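Enquirer: with the sequence up front, the predicted model follows.
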Amino acid sequence: MAVVKLLGTWFSPYGHRVIWALKLKGILYEYIEEDVRNKSPSLLQYNPIHKQVPVLVHGGKPICESTVILQYIDEIWPQNPLLPADPYDRAVALFWIKFADDKGLLMSKLYRGNGEEQQAAVKEWLEMLEVMEEHALIGVKKFFGGDEINMVDIAFSFVAHWLGILEDVLGLEIFKPHKFPRVSSWIQNFKSSPIIKDNLPDADKMSTFLKRGREMMLTSKSN
Amino acid sequence: MEDEVVLLDFWPSSFAMRVKIALGEKGIKYKCKQEDLFNKSPLLLEMNPIHKKIPVLIHNGKPISESLIILQYIDQVWNHKSPLLPSDPYQRSQALFWADYIDKKIYGIGRRVWMGKEDQEEAKEELMQCLKTLDRELGNKLYFGGQNIGVVDVALVPFTTWFYSYETCGNFSIEAGCPKLVAWAKRCKENYQSVSEALPHPLQIYEYVMELKKRLGLV
């Protein structure tokens, strides 16, 4: 049986996407924690182009970029499918996954921003949440995947868990549940899902880690 | 019932060219509707309300947006000939990785090159680095897809019609740094009618870029 390895970092939503996909399919894997400030020779060998995690290594062969990894996992292990089989429904799912992927950059914008930049990032977050509320979640009852989570739910995970942590770190309130009832309901469902609930990075640990990181970043900016 | 296929297009768009190549390869009949991006039609706004961008493929009234997603859709629905994606899952993951790489880099960096602002020199270096990476990835293969063009070829080749504009606005030579890539682009146009028909002449693109620069107050 081919060995499955996952190179990731404990705080990244992208690495968690792969963890959830593997666990949903019941695939055993070896997890390797990477230090992004001191990248291992393995990481640089497996992902020479982007030098980033996550990387999935299957039978010695690397796959990079979380969305590409998830599509690969879905094809190799078809149980508990992560994408619809119907071509049109699949295209719609891939559209929302790409939307979530593009908007994921807002985490960094918010975290690194200050003053005007931060205000601009908050505005973009609110616009994104509105699109989720008024478009993406229309017709969605429990999960994007129906009764079970799928790749679209996984892609929006940064809204469900990481946004709250960033709000805590930055002392901001961006997500107001009463303004986004559908998003709020989806977040509750997503975070209660067994595989997700048991596999989220600890919020307090993340908060401490990110607060320290932000202090260092702001200090070095002003020097 | 016959399929109704409509493409919302903008002729200089590399992303739209990708879709035209794919439709051509599969022999699909379609109606091409030109959009004015400075005056977007109600149809475009209805079919792509989130991004309001082209290309949009409308298949029997249902819209699909985002060019790489459209390519995957076309490949899945019209799977009788000219496969765009490899059938092997690992090969497919590699093809999607490179298509994603092209998406992340070429348009944005290329734009900074032709716009000719303060970051042009930096953008030129970045562009050459990306193209050299792709040049290395192509290696001695005929096409990125192997013996025939695949999704990576289709994703990249439209940008080659913009090379003349990048080179002229930036005053540098792409061929000097990436000879294999330039030879590959020529090969795609010569051997694939779908490519030669979808790509406007580089001078037409250059004319368009100059008009756009005037409009943006950059000349």
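Expert: Ah, there it is.
Enquirer: outline the domain layout of chain A.
Expert: Domain ranges of chain A: A:4-76, A:87-222, per automatic domain parsing.
Enquirer: now those domains as a markdown table including distance to B:L156, mean pLDDT and mean neighbour count?
Expert: C-beta here means a position set from N, CA and C on the backbone, and glycine is covered the same way. What follows is the domains of chain A, written out as a markdown table (distance: least, CB to CB, whole Å; pLDDT from 0 to 100; neighbours: other CB atoms under 10 Å in any protein chain shown):
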| stretch | distance to B:L156 | mean pLDDT | mean neighbour count |
| --- | --- | --- | --- |
| domain A:4-76 | 15 | 97 | 18 |
| domain A:87-222 | 19 | 96 | 16 |
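Enquirer: so for stretch B:164-178, mean pLDDT?
Expert: Taken as a whole, stretch B:164-178 carries a mean pLDDT of 96.
Enquirer: then stretch B:106-118?
Expert: 97.
Enquirer: do you know which of the domains of chain A lies nearest B:I149?
Expert: domain A:4-76 (20.1 Å; CB to CB).
Enquirer: what's the end-to-end length of the closest one?
Expert: Start-to-end span of domain A:4-76 (CA to CA, to the nearest Å) is 12 Å.
Enquirer: in CSV, list the domains of chain A along with distance to chain B.
Expert: Output for the domains of chain A, formatted as CSV (distance: least, CB to the nearest CB, whole Å):
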stretch, distance to chain B
domain A:4-76, 4
domain A:87-222, 4
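Enquirer: which stretch among those comes nearest B:T168?
Expert: Comparing the domains of chain A by CB to CB, domain A:4-76 comes nearest, at 28.7 Å.
Enquirer: off-centre distance for the closest one?
Expert: Between the centre of domain A:4-76 and the centre of its chain there are 13 Å (CA atoms, centre = their mean, to the nearest Å).
Enquirer: for the domains of chain A, could you give me JSON lines that also reports distance to B:Q129?
Expert: Converted to JSON lines, the domains of chain A look like this (distance: least, CB to CB, whole Å):
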{"stretch": "domain A:4-76", "distance to B:Q129": "11"}
{"stretch": "domain A:87-222", "distance to B:Q129": "21"}
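Enquirer: B:V209: which of those is closest?
Expert: Going by CB to CB, the one of these nearest B:V209 is domain A:87-222, 25.3 Å.
Enquirer: for chain A, just list every one of the helices.
Expert: In chain A, the helices defined using DSSP state H lie at A:13-24, A:41-46, A:66-76, A:87-103, A:105-112, A:116-131, A:151-155, A:157, A:163-170, A:181-192, A:194-197, A:203-222.
Enquirer: residues in chain B within reach of chain A, list them.
Expert: Contact residues (CB under 8 Å from any CB of the partner chain) of chain B with chain A: B:49-50, B:59, B:62, B:64-66, B:69-70, B:72-73, B:76-77, B:89-90, B:92-94, B:96-97, B:100-101, B:133.
Enquirer: can you do 7 Å?
Expert: By CB under 7 Å from any CB of the partner chain, the residues of chain B that approach chain A are B:50, B:62, B:64-66, B:69, B:72-73, B:76-77, B:89-90, B:93, B:96-97, B:100-101, B:133.
Enquirer: surely B:L84 meets B:Q76?
Expert: No. Using CB atoms under 7 Å, B:L84 is not in contact with B:Q76, being 9.6 Å away.
Enquirer: and the two? Which one has more around it.
Expert: More crowded of B:L84 and B:Q76, by other CB atoms under 10 Å in any protein chain shown: B:L84, with 27 against 16.
Enquirer: returning to that earlier point: let me have the helices of chain A in TSV, extended by distance to A:G145.
Expert: Converted to TSV, those look like this (distance: least, CB to CB, whole Å):
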stretch	distance to A:G145
helix A:13-24	10
helix A:41-46	29
helix A:66-76	12
helix A:87-103	8
helix A:105-112	23
helix A:116-131	19
helix A:151-155	6
helix A:157	13
helix A:163-170	21
helix A:181-192	10
helix A:194-197	12
helix A:203-222	25
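Enquirer: those: which one's closest to A:L56?
Expert: Judging those by CB to CB, what sits closest to A:L56 is helix A:66-76, at 4.7 Å.
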